[in-house]
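Whatever this is, show me its structure:
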Amino acid sequence: MSQSVDLYDSSYAGQSVRLYREVRQETYGVDLGQTSWVTEEEFCSSLELLSLKSSSRVLEVGCGAGGWAVHMARTLGLTIVGIDVNEHGIRSAQELARLSELSALAEFQCVDAGHRLPFEDESFDAVFSNDAMCHIPHRLRTLQEWHRVLRPNGRMLFTDAMVVTGILSNEEIATRSSIGVYFFLPRGENERLIEAAGFQLFSTVDTTQSAAEISQRWFDARAKRSDDLLRLEGEANYGGLQRFLACVHAVAEERRLSRFLYAASKTE
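Residues are numbered from 1 along each chain as shown. Model prediction:
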C-alpha cells in the first residue's frame, strides 16, 4: 500500500525555494504558489460566475499560500479573507500580502473549515474553494456554514476532484489519498448536498481534463529536476509525490475519478 507523503507542508513552507517556483511556473504557466488543479483560464471563469465587484467581500476556504487571494485583491480591488488549516500556508500568505502591500485587503487566518466559521452571519458576498472541499468532513454542515455567512443573493463556488465515475482499485485510492485526508463521493452527491444546504445550483462544469493535464505537467516538471528534488525532499518523498501525480493523471485521463466545478446562489 502507498505510504503517506508530504506535499502541502513543504510546498507552503518552501514558497521561495527556486526549484518549487520553477516547477509551478512550468506546471501552471503562472506562479501563484498554487497546489491545485485549477488553470488560470478556469479561475478567471470562476470570478465571472461569482459576479465579483471591487466592493465585494469574499471568503476563500482552503487558501493555501494565498496566491489567488492576493491576486484577486490586487487586480479587482476587493476585500478577501483566506482561511486554511495549514499553518505554513497561512504564514506564507500573510507574508505575501505584506510584501505586496495588500494586507489591508487580503487577510489570512488559520481556521479549520470543518467547524463553525469565526464570522458573523451574512458577512460575505461570495465564498469559494479550489480543490479543498475534498479534505473537509461533514460536507453538509460545511455548506450550511457557507450559507450562514453569505449575504442574501450571495454566491458560492467550489471544485471537487474526488467524484467517483468509474472503477478504482484499492491501491489507486490509497495512492490518490497519500498526501492527506480525502473524502470520495459518487456523482450527484455534491448536487444533493448543495441543495440540502439551502443553495440554488446554477452551474456544474466537468473540469476533469484540467486535473489530467496539470498532473502530467507537474510530474514532468519535477522529473526534469529530479536530482535536485531528490536532494531536497529525499528519495521516499520524491518518489511518493511522483507516484501520486502519475495516479492523478491516470484516473482523471481515464475518467474514473472526475473533477467538477459547482456554483450556486443563496436565494433567501
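
can we go C-alpha only for contacts and neighbour counts from here?
Fine.

Tell me where the longest helix sits in this protein.
helix 235-253 (DSSP state H).

Each with direction, which strands does the helix or strand following that helix pair with?
Later in the chain than helix 235-253, the nearest helix or strand by DSSP states H and E is strand 257-265. Sheet pairing of strand 257-265 (DSSP bridges) gives strand 150-164 (antiparallel), strand 200-206 (antiparallel).

Tell me how far strand 257-265 lies from the chain's centre.
Here strand 257-265 is found 12 Å from its chain centre; the criterion is Cα atoms, centre = their mean, to the nearest Å.

Alpha carbons only: can I get it in CSV?
Extracted C-alpha coordinates of strand 257-265, given in CSV (Å, rounded to 0.1, in the frame of the first residue of the first chain):
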residue,chain,number,x,y,z
LEU,A,257,-12.1,9.8,-10.9
SER,A,258,-13.5,13.1,-12.1
ARG,A,259,-13.3,16.8,-11.1
PHE,A,260,-16.3,19.1,-11.2
LEU,A,261,-16.9,22.8,-10.5
TYR,A,262,-20.1,23.7,-8.8
ALA,A,263,-21.6,27.2,-8.5
ALA,A,264,-24.7,28.1,-6.5
SER,A,265,-26.5,31.1,-5.1
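
now it and helix 235-253, what's the angle there?
Taking axes from the mean of the first three to the mean of the last three Cα atoms, to 10 degrees, one finds strand 257-265 and helix 235-253 inclined to each other by 70 degrees.

So what touches strand 257-265?
By Cα atoms under 8 Å, 6 or more residues apart in numbering, the residues outside strand 257-265 that reach it are 49-50, 153-166, 168, 191, 194, 199-208, 211, 251-252.

Would you mind checking the residues you listed for buried ones?
The neighbour count (16 or more other Cα atoms under 10 Å) marks 49-50, 154-165, 191, 194, 199-201, 207-208, 211, 251-252 as buried among the contacts of strand 257-265.

Show me what counts as buried in stretch 85-105.
85-97, 102-103, 105.

Give me the subset of those lying in helices.
Per DSSP H, the buried residues of stretch 85-105 map to helices at 87, 88, 89, 90, 91, 92, 93, 94, 95, 96, 97.
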